[in-house]
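# Here you go, sequence then predicted model.
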Amino acid sequence: MATLARLLITQASKSDVPEDWALVKRCVAGDTEAFRPLVLKYQRLAYSVSVRMMRSHADAEDVVQQAFVSAFRALPRFDGSQHEGAFRVWFLRIVVNRAKDSIKARHLLDIPLEDETSAGGAQGDQAQNPESLASQRSESQRLEVGLATLTEKYRTCLILKDVEDLSYEEMRAVLHLPITTLKIRVVRARAMLRAWLQQEERK
Amino acid sequence: MNKTLHDSDDEKPILQLRALGAVKPPALLVARVMQKVQEPAPFHLWNWLRTPRKVELRLSPLWAVGGVAVVAAMTLLTSSARPLTVAQPPAGSELSTESQVLVRFVIHVQGAREVAVAGDFNGWDPARAPLQAAAKPDIFAITLPLTKGETYTYKFLVDGKWIEDPTAEARPDGFGARNSILRL
């Protein structure tokens, strides 16, 4: 079993991975195992976006798991024949929507991102002061905390644009917002994050 | 701290954010997802209705020929049951709808100034149906919506004088004169 899993992981990392659309068609035809390469391929992207949106590893895992299951159930309605990147954007939209719903449902508004190094022992959602955390951390950790201080709509835009490097066209497909709105949000989010970082540096 | 972080131009990306990279997902995530997707999906009527399905119809040529014959027979039967012509009013042309027909009353009267038509359809009030002079001289016409299947009696009023429609059948009005008849 372990050998099979290792083999699949190896296959997923190679360039000869079957195209997403071909895998989707196999899934729709009833081949559930064809979904595994898609999960392997997109789990990092989904988890990275989710954990930065949710600011909690436990919640992020729930979101990603639910997103994958929702995507699998919705595959018969997905048309990925247009271009190869269609599944990535479509799935990312499911992840982002799941995360937003979860944030709304649990009122997770001002909880900072957990320290990943201590996440294994502290999976809870205990709110910590971003300012106190920032002084102890490296630049990347400070950026994570700074990102976590932004409200959800600005945080999501900055995660998709500057962290995941999506184009505005892709962001529009994911968030269903006009490109002008997205550009404004990204610019504001950058300004807010820069201001927060400058403030931290002065301390 | 890199200079980019303090760049006043917020249209430029914060490059350090791109360097944050991916967060490693939990080791068991794939296994959990695959376990979930292999479970039977809960039934949701809305999802079931929205999901497109392939419908395959297998038909032998014999059934196909039979089907075509039945459709052809039905078409012939329904078309033969329909009347081929609709009775035309004697005095004009018509544009028919389901319950009403448009009847055009036309009369040729030399030197006439005012022409109207009155009958059962307008309570014998000539003021409600004045004929208009047509493009040709001495020709007057009006189009009125009348009910299909009805029989009307009518007369033209030409410069104050009642006259019958010269192109239509007529019957006695019981007062020593005659009215024109229009059967629709």
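That came through, no problem.
# quick one: the strands in chain B?
B:94-96, B:100-108, B:115-119, B:132-133, B:139-147, B:151-158, B:161-163, B:170-172, B:178-183 (DSSP state E).
# Show me what the last one packs onto, helices and strands only.
Okay, so that is strand B:178-183. strand B:115-119, strand B:151-158, strand B:170-172 (3 or more CB pairs under 8 Å, 6 or more residues apart in numbering or on different chains; DSSP states H and E). Glycine gets a C-beta too; all of them are placed from N, C-alpha and C.
# With respect to burial, which of the ones you listed scores highest?
Of the helices and strands packed on strand B:178-183, the one with the most neighbours on average (mean count of other CB atoms under 10 Å in any protein chain shown) is strand B:115-119, at a mean of 23.
# so what secondary structure elements neighbour it?
Against strand B:115-119 (3+ CB pairs under 8 Å, 6+ apart) you get strand B:139-147, strand B:151-158, strand B:178-183.
# go with 7 Å
Using 3 or more CB pairs under 7 Å, 6 or more residues apart in numbering or on different chains; DSSP states H and E, the elements in contact with strand B:115-119 are strand B:151-158.
# ok, now which ones touch A:Tyr154?
A:Arg185, A:Arg188, A:Ala189, A:Met192 (CB atoms under 7 Å, 6 or more residues apart in numbering or on different chains).
# Likewise for A:Arg155?
A:Met53, A:Leu147.
# Give me the secondary structure label for it.
Per DSSP: H, G, I helix; E, B strand; the rest coil, the secondary structure class of A:Arg155 is helix.
# Ramachandran angles for A:Arg202?
Main-chain dihedrals, A:Arg202, degrees, to the nearest 10: phi -70, psi -20.
# Looking at it now. What's its pLDDT?
In this model, A:Arg202 is scored at 83, pLDDT.
# Could you verify that A:Gln199 is part of a helix?
Yes. Membership of A:Gln199 in a helix is supported by three-state DSSP.
# Let me see the contact set for it.
Residues counted as contacts of A:Gln199 (CB under 7 Å, 6+ apart): none.
# Among the contacts of A:Tyr154, name the ones in helices.
Using DSSP state H, A:Arg185, A:Arg188, A:Ala189, A:Met192 are the members of these that sit in helices.
# Please go through the contacts of A:Tyr154 and note which also touch chain B.
Among those, no residue lies close to chain B (CB under 7 Å from any CB of the partner chain).
# Now flag whichever of these is closest to chain B.
Closest approach to chain B among the contacts of A:Tyr154 (CB to the nearest CB): A:Arg188, at 7.6 Å.
# separation between the residue nearest to that closest one when sequence neighbours are not counted and A:Ala189?
Counting by CB to CB, 6 or more residues apart in numbering or on different chains, A:Arg188 lies nearest to A:Tyr154, which is 6.2 Å off, once chain neighbours are set aside. Remark: distance between A:Tyr154 and A:Ala189 (CB to CB, to the nearest Å) = 4 Å.
# contacting residues for B:Asn122?
Shown in contact with B:Asn122 (CB under 7 Å, 6+ apart): B:Arg128, B:Ala129.
# Heading C-terminal from the helix or strand harbouring A:Lys41, find the next helix or strand.
Here A:Lys41 sits within helix A:35-54, counting by DSSP states H and E. Note on helix A:35-54: by DSSP H and E, the next helix or strand toward the C-terminus is helix A:57-74.
# quick revisit: for the strands of chain B, give me TSV that also has mean pLDDT and distance to B:Val23.
Formatted as TSV, the strands of chain B follow (pLDDT from 0 to 100; distance: least, CB to CB, whole Å):
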stretch	mean pLDDT	distance to B:Val23
strand B:94-96	48	75
strand B:100-108	88	75
strand B:115-119	92	89
strand B:132-133	88	85
strand B:139-147	89	77
strand B:151-158	91	88
strand B:161-163	89	100
strand B:170-172	86	99
strand B:178-183	90	89
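# Output these in TSV, with distance to A:Ala58 appended to each entry.
Formatted as TSV, those follow (distance: least, CB to CB, whole Å):
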stretch	distance to A:Ala58
strand B:94-96	75
strand B:100-108	74
strand B:115-119	89
strand B:132-133	86
strand B:139-147	76
strand B:151-158	86
strand B:161-163	99
strand B:170-172	97
strand B:178-183	87
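# mind listing what the closest residue to B:Asp120 other than its chain neighbours touches?
Of all residues not flanking B:Asp120 in the chain, B:Tyr152 sits nearest, at 4.7 Å (CB to CB, 6+ apart). Shown in contact with B:Tyr152 (CB under 7 Å, 6+ apart): B:Gly119, B:Asp120, B:Phe121, B:Leu146, B:Leu182.
# Fine, thanks again, bye for now.
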